[in-house]
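# task: produce atomic coordinates for the following.
(one chain, ligands or ions: 1)
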Amino acid sequence: MNISVNNKKNTFHLYNDEISYIISVLPTRHLGQLYYGRRIREREDYSWLLELRDRPMSSWTVKEGQKYSLEHIRQEYGVFGSTDYRSPAAEVVSSNGSRISDFCFADYRILAGKPELPGLPATYTEDDSEAMTLIVTLRDDLNGLELELYYTIFDQCGAIARSARFVNNGTEDLHLTTAMSLSLDLPDSDYDWIQFSGAWARERYPKVRRLEQGIQSVGSMRGNSSHNHNPFFILKRPTADEFQGEAIGFSLVYSGNFLAQAEVDTYDTTRVLMGIHPSCFDWKLAPGESFQTPEAVISYTDQGLNGLSRNFHRLYQKRLARGYWRDRERPILINNWEATYFDFNEEEILNIAQKAKECGVELFVLDDGWFGARNTERAGLGDWYVNQDKLPAGISGLAEKIENMGMKFGLWFEPEMVNEDSDLFRAHPDWIIRTPGRETSYGRHQLVLDFSRKEVVDHIYEMMAKILSEAKISYVKWDMNRSITECFSAGLPADRQGEAYHRYILGVYDLYERLTSQFPEVLFESCASGGGRFDPGLLYYAPQGWTSDDTDAVERLKIQYGTSYCYPISSMGSHVSVSPNHQLNRNTPLHTRANVAYFGTFGYELDLNKLTDEEQEAVKEQIRFMKEHRRLIQFGTFYRLQSPFEGNIASWMVVSEDKKEAIVGWYRVLNGVNMPYTRTKLMGLSPDTEYRVEGMDTTHFGDELMNYGLITSDHASGSASPDEEIGQDFDSRLYLLKAVN
Ligand code: DGJ
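Here you go, the predicted model:
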């Protein structure tokens, strides 16, 4: 890994074994984008990478410099208003109302490692030798606004982390109305765009379309990154697939309003923008003030979509997630939500916990309903003290009893919300987000606390810290069940209202930071009605997130498969729930529910007392299995093999670092009869290693399993052998591979 600088040519080449990223100061003093892709050789002059021609009917920025029309030049952070008509990376309003800016090269510096982004989540290094950072300073001489572009290259993968920082070194107030984290101009548009979209209970389905002239984008204006669109997308070459070919992934380390966009101009070049959504964004920069954008991470691969995912998994698991739990096997938990909803008392909770303990569960999580007057969705949020009618021994008493059983105890909070029927709202009706004079909208009968105000965050912190200090709490589920409407903060003056959405998220990050540093061994799991805020921003604070409220195994195949394009297995909360399922009323076999949930953090979301003796024995075996294999599953290398979006059979696998062990998850949605033979081509094995597949008589070499495939045919492909059970709909199997010697 290196950043080489050619001062004569004003060129910067960031490279490691896999990628090159080359930028150069243009003759116009703007910063040009020359190349991002597979590593190319180091040489003195790269200027040939940028074609400059005089194009008819264009305007140019340099007198007699017909070639210098900015709309035809690939740039690093283009702005609108001069000769570039594409969407801008930044827009700045000066005190005279002008919206024109012009950022020209001023300076650069190179740092070992990677600086932190104050108050914001970001990838990090543990040792300066892991990464290098280039900071290029551009300046708008008219108003004194300085723009620092940050580029970090890591030694290990094809990723570049980017962000921008604005510093008002001038004398007038400025307003930033667009401030993207990343702008990347690509020389062509021969890409498929893949976004990860959905809704509550069906999050992050990949949607593919051909990139076309014009703008394609996804985003969120809900105040949270949302169930609807994830702040992640991929541009892949049309010929690329899961297993081979070029792709670039774009991921925003942020949890609030975002925009992810690709604009193809009529010359078929592509400008990608990613950052805080410019709608409703207006950040005032008084002289001396600065603004730091969130971080965007881009990753290039020529190893197909699985290769791209491996890059993100490694980086996000090891250098975005942090803390005590980052590298630890995650506890197998039981959560009472689908077992009881709001209707429980201490005895019932202890009953559920006792059976869970007998089965081998390690952590009991008490979900919503334990506090204030919370017996329905209509009351109690904001009153973070125990409801003694339900839990007479308090949270400390209950936690103690659970600990005495030999399990850890976890607790649910929804810190950002309040019900009108709560002591908190009665004491501070002015603490919510609402626009004066307008009706306030409701979501799940609750209102959003104004986390852009420090006193609000302080108060919630005090309440939560008190409980976490008094009781033996090992895990926190941090939920968030509605989006922001009528955004306005009573804590901000009129000319700073455009800061409210972002300041809200900064408040959320601040509370996370305070709690995770004060209680470093507590495992935090993020949640937002399931996967409404499943994003890299929260992964920095909470190493796992509740992937979706949909606990049906067949639906979860798609949700977890889609989520895996960016996020590692160790980040996906996944539980076995009751059958028929509460969201779909679908009956699925217990083994399939577990076979899906294993590929995540694993737990149960039901009352195990209600299972038959035989099922309870099966649960004990599942837990034993997961304890034995969770290190491999949660921290091995994950590969998607067959997509549930494309056919009746889905499969995926994990491989240990030394390639001596692997587990394949194979799932068939509908059963069949007299069907074709089936096999699954495996990935990531060592070609020359001989593997034994548990339950099979023959051994197979890695090259055979990866090229011919593992035979998965059964009774559905011809008559069943005498000792073979006939399967059913929603069936599944795990294949355990071990190297022979
Ligand atoms: C939504 C979450 O996703 C559920 O798991 C549960 O915690 C409920 N909220 C509780 O209100």
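
# tell me who's in contact with the nearest residue to residue 141 once chain neighbours are set aside.
Setting aside the residues directly before and after it, residue 141 is nearest to residue 104 in space (Cβ to Cβ, 6 or more residues apart in numbering), at 7.3 Å. C-beta here means a position set from N, CA and C on the backbone, and glycine is covered the same way. Counting by Cβ atoms under 8 Å, 6 or more residues apart in numbering, residue 104 makes contact with 28-30, 138-141.

# looking at those, spot the one nearest residue 404.
Nearest to residue 404 among those is residue 138, at 61.6 Å by Cβ to Cβ.

# now the nearest residue to that closest one once chain neighbours are set aside. Its backbone dihedrals?
The spatially closest residue to residue 138, leaving aside those adjacent along the chain, is residue 103, at 3.8 Å (Cβ to Cβ, 6+ apart). Phi and psi for residue 103, reported as degrees, to the nearest 10, are phi -100, psi 120.

# who touches residue 103 in this structure?
Contacts of residue 103 (Cβ under 8 Å, 6+ apart): 30-31, 77, 79, 90, 138-140, 145, 147.

# also residue 431?
418, 424-425, 449-450, 453, 456.

# what's it sitting at in phi/psi?
The phi/psi pair for residue 431 (degrees, to the nearest 10) is phi -90, psi 0.

# and it, how far is that from residue 414?
Distance, residue 431 to residue 414, by Cβ to Cβ, to the nearest Å: 15 Å.

# name the nearest residue to the residue nearest the centre of the chain, ignoring sequence neighbours.
Nearest to the mean C-alpha position of the chain, by Cα atoms, centre = their mean, lies residue 535 at 2.8 Å. Leaving aside its chain neighbours, residue 535 sits nearest to residue 225 (4.2 Å; criterion: Cβ to Cβ, 6+ apart).

# confidence score at that neighbour?
Looking at residue 225, its pLDDT reads 98.

# contacting residues for the closest residue to the ligand within the chain?
Proximity of the chain to the ligand (Cβ to the nearest ligand atom) peaks at residue 368, 3.5 Å away. Residues counted as contacts of residue 368 (Cβ under 8 Å, 6+ apart) are 337, 341-342, 374, 412, 414, 479.

# quick one, phi psi at residue 614?
Torsion angles, degrees, to the nearest 10, at residue 614: phi -60, psi -40.

# tally of neighbours for it?
Residue neighbour count, defined by other Cβ atoms under 10 Å, stands at 9 for residue 614.

# equivalent analysis for residue 51, please.
When neighbours are counted by other Cβ under 10 Å, residue 51 registers 10.

# same question for residue 230.
What residue 230 shows, counting by other Cβ under 10 Å, is a neighbour count of 30.

# what residues does this structure put near the ligand?
Residues of the chain lying near the ligand by Cβ under 6 Å from any ligand atom: 337, 367-368, 412, 479, 481, 527, 529-530, 546, 549.

# in helices, which of those residues appear?
In this view, the residues of the chain next to the ligand that belong to helices under DSSP state H are residue 337.

# any idea how far residue 594 is from residue 661?
Noted for residue 661: a distance of 19 Å to residue 594, by Cβ to Cβ.

# the two: which is more packed in?
More neighbours surround residue 594 than the other of residue 661 and residue 594, with 24 against 17 (other Cβ under 10 Å).

# apart from its chain neighbours, what residue comes closest to the more buried one?
Going by Cβ to Cβ, 6+ apart, residue 594 has residue 622 as its nearest residue, at 4.5 Å.

# residue 177 is in contact with residue 285, isn't it?
No: counting by Cβ atoms under 8 Å, residue 177 does not reach residue 285; the two are 11.0 Å apart.

# who has more neighbours, the two?
Taking neighbours as other Cβ under 10 Å, residue 177 and residue 285 compare with residue 285 leading, 21 against 18.
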